[in-house]
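*Asks:* give the three-dimensional model of this entry:
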Amino acid sequence: MTAPDRYSYGPYHDGPDPLAPPLDLRDALDRIGHDVMEGSSPRNALEELLRRGTGDTPGLDELTRRLWQRRAEITRRHRLDGTLQQVRELLDEALDAERSALFPDPSDDARFAEAQLDALPSSTAGAVTELADYPWRSETGRENYERIRDLLGQELLDSRFQGMKQALESATPQDVERVRQMMTDLNALLAAHARDADTTERFAEFMAEHGEFFPENPRDTEELIDALAARAAAAQRMMNSLTPQQQAELSELVGQAFGDPRIAEQVSALDAHLRALRPGEDWESGQRFRGEDPMGMGEGAQAMQDLAELDALAEQLGQSYPGARLEDIDLDALARQLGQEAGVDAGRLAELERELRRQGLFERAPDGSLRLTPKALRRLGEVALRDVIGRLRTHRGQRGNTAAGAAGEPTGATRPWQFGDTEPWDVSRTVRNAVLRSASAGSRRVSLAVSDVEIAETDQRSRAAVALCVDTSWSMVQDGRWLPMKRTALALQQLISTRYRADALEVITFGRHATTVDIAELTALEAVWEQGTNLHHALLLAARHLRRHPDAVPVVLVVTDGEPTAHLEPDGSSYFNWPPETRTLAVTLAQVDALAKLGASVSVFVLGENPRLAAFVDLMARRSGGRVIAPDLDGLGAAVVSDYLSGRRR
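*Replies:* The predicted structure follows:
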């Protein structure tokens, strides 16, 4: 019998998690499209999406909030005088033990020793220095004083070399000598590097002999300097954060590190080399700590490094610098500070940004700005049309007419069969689907399933020339009608481009002036404050469009929330006045009559309640044989699409 296989389970760290749910690009594009149609630029919409996050993935704002919370926890929970406090406690215990040992002794030597102890400076550093040559009688006193020296040495080295305190907890004199020799060799290496000497071979020899002290495993002298300078600068910022008295005491105390002043001298020389080699590090700032939990020198240096890392991460997450990309975020640093899950979340956001760009949903405009591609616009149109058809079905209590003309001519396109479809099957596509499905399942028999069926789309034999005139005056933005108007145009454009390809759609915007726009321009159109609702100019452009297609059924659709307050003068200028002048209303109605002569009835979709507008559009409808519809904002798209379908059949 063979031994059973053994398996171990744990977090997946080798690249993206293969079991993570796929990125929802459709939802992301819907959110971006929503913001773009409300007036944001595609770049701003993408940035806003990344800031808010998607689904279960928190955005950059949430990650940044957690960074600042982590930063506040460090500064509010801790204080930096832990080494001074620990030395003071050891010293007091040593002095108490020594006085207890001297008290029973009646000799003059004992009284002299007591006098020495009584004359010690009040400062911790001064007392420790004075006791350097004191002949301890108490075993506890002697041991505590040695512990003070070892503690100072461990903390001093730990503030420059992370993890050194733990490595030297049971240090022997030989271990201390090895550290001193490492420091000597390190300073010699940095001095040679500062002279621009080639230190490649010297660095290799140094790492071969002293590599155990550098878990970062630097590859060359530059990487070694980077790691050491970041730690040394953090230690200096920790010192800067102490009070002047605490700084003076700690500076004096470190001279007693391991009872060997050469250690402190080597650290001072190391700091000088690193300052000269990396002047760009932050050597001058400090930080206010307001907590109760004391930290030693090594812990304080680590806290300063953490704060610097948190600040750098906050800048990366802010993405406010030129050329910012989510790939700039240090995921390892983020995981260190906020946990592995935060690193995964940031990685998914970066992947989302990368995929949106890779899938061709954004492109550069001629002016260098970012814009949505036709592929992205088609996706937005599909969503808008789906919502419109859903409302048509819901409001009418019946299945929407998506057949695009069941008794018409084939368009050449096919689509999956849906319940209620009456179009003929596309046999070749249906059989092909069945063969591929059966083969993928490993079956040699081909069976037909409902999901295999595709039908041939047909179109009515007539074609229509459609002019959609949408009001872009400031009131449309002010009253929340900007986004529904754009979604309506997208839905209509999507319906015509996919189901009624022979129809000719022209989108016309009108404010103070009117202009024709393509769907991409309308989607990205930003609101501009201007006075004037020039329906006259819009109807002129609509008539020009209808004349270009004399063989098509004319359909004119107008979406507006205000009565005409501007018209086009013969010289091409726009005349505006509020309240509307009789002349403006007259020329607008004259253009309605001109459209009627072309066989076009004008359907007006009135948004909001305006009695003067209601009276005017009723007059328009009577003169053109059109209709007036007053939908709510949610029903605007359904109303326009329904009227278009009715109009093209007339």
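
*Asks:* name the SS class of E114, please.
*Replies:* Three-state assignment for E114 (DSSP: H, G, I helix; E, B strand; the rest coil): helix.

*Asks:* quick check: closest non-adjacent residue to it.
*Replies:* L102 (5.3 Å; CB to CB, 6 or more residues apart in numbering). For the C-beta atoms, the positions are set from N, CA and C on the backbone; glycine is no exception.

*Asks:* next one: that neighbour from L95, what distance?
*Replies:* Distance of L102 to L95, given as CB to CB, to the nearest Å: 10 Å.

*Asks:* got it, and P294?
*Replies:* Counting by CB to CB, the gap from P294 to L95 is 21 Å.

*Asks:* and stretch 603-612, average pLDDT?
*Replies:* Per-residue pLDDT over stretch 603-612 has a mean of 87.

*Asks:* meant to ask about stretch 332-345
*Replies:* Mean per-residue pLDDT for stretch 332-345: 91.

*Asks:* any idea how far that stretch is from the chain center?
*Replies:* With CA atoms, centre = their mean, to the nearest Å as the basis, stretch 332-345 stands 15 Å off its chain's centre.

*Asks:* show me which positions of it end up buried.
*Replies:* By 16 or more other CB atoms under 10 Å, the buried positions in stretch 332-345 come out as 333-335, 337-338, 342-345.

*Asks:* distance between the ends of that stretch?
*Replies:* 12 Å (CA to CA, to the nearest Å).

*Asks:* now do stretch 593-610
*Replies:* Termini of stretch 593-610 sit 23 Å apart (CA to CA).

*Asks:* and that stretch, how far out from the chain middle?
*Replies:* Put simply, stretch 593-610 sits 46 Å off its chain's centre (CA atoms, centre = their mean).

*Asks:* and for stretch 535-551?
*Replies:* Computed by CA atoms, centre = their mean, the chain-centroid distance of stretch 535-551 equals 45 Å.

*Asks:* what are the buried residues along that stretch?
*Replies:* For stretch 535-551, using 16+ other CB under 10 Å, the buried residues are 535-543, 545-546, 549.

*Asks:* got it, and stretch 169-183?
*Replies:* For stretch 169-183, by 16+ other CB under 10 Å, it's 171, 176, 178-180, 182-183.

*Asks:* average pLDDT for that stretch?
*Replies:* 87.

*Asks:* now the residue nearest to D311 when sequence neighbours are not counted: how far from A376?
*Replies:* Spatially, and ignoring its direct neighbours in sequence, D311 is nearest to R71 (7.8 Å; CB to CB, 6+ apart). Distance, R71 to A376, using CB to CB: 38 Å.

*Asks:* of these two, give the one with the bigger neighbour count.
*Replies:* More neighbours surround A376 than the other of R71 and A376, with 23 against 19 (other CB atoms under 10 Å).

*Asks:* pLDDT of whichever strand or helix holds that one, averaged?
*Replies:* Taking DSSP states H and E as the criterion, A376 maps to helix 374-396. Helix 374-396 shows a mean pLDDT of 66.

*Asks:* also stretch 530-549?
*Replies:* 91.

*Asks:* chain center to that stretch, what's the gap?
*Replies:* Chain-centre distance of stretch 530-549: 42 Å, with CA atoms, centre = their mean.

*Asks:* just stretch 52-68 next, same as before
*Replies:* Per CA atoms, centre = their mean, the centroid offset for stretch 52-68 relative to its chain is 8 Å.

*Asks:* now what about it, what contacts it?
*Replies:* With CB atoms under 8 Å, 6 or more residues apart in numbering as the test, stretch 52-68 has contacts from 24, 27-28, 31, 49-51, 310, 313-314, 317-319, 334, 337-338, 342, 345-346, 348-349, 352.

*Asks:* select only the buried ones of those residues in ChimeraX?
*Replies:* Per 16+ other CB under 10 Å, the buried members of the contacts of stretch 52-68 correspond to this ChimeraX selection:
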select :28,31,49,50,51,310,313,314,317,319,334,337,338,342,345,346,348,349,352
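
*Asks:* related to what we said a few turns ago, which residues does the residue nearest to D311 contact?
*Replies:* Contact analysis of R71 by CB under 8 Å, 6+ apart lists 307, 310-311.

*Asks:* narrow the residues you listed to those in helices?
*Replies:* 307, 310-311 (DSSP state H).

*Asks:* now do the strands in the stretch 1-150 of the chain.
*Replies:* Under the criterion DSSP state E, counting those that start in this stretch, the stretch 1-150 of the chain contains strands at 53-54, 57-58, 78-79.

*Asks:* turn those strands into a markdown table, including mean pLDDT and mean neighbour count.
*Replies:* Compiled in a markdown table, the strands of the stretch 1-150 of the chain are given as follows (pLDDT from 0 to 100; neighbours: other CB atoms under 10 Å):
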| stretch | mean pLDDT | mean neighbour count |
| --- | --- | --- |
| strand 53-54 | 82 | 18 |
| strand 57-58 | 86 | 20 |
| strand 78-79 | 92 | 18 |
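
*Asks:* please compute how far whichever strand or helix holds V431 lies from its chain's middle.
*Replies:* V431 is located in helix 427-440, with elements delineated by DSSP H and E. Offset of helix 427-440 from its chain centre (CA atoms, centre = their mean): 43 Å.
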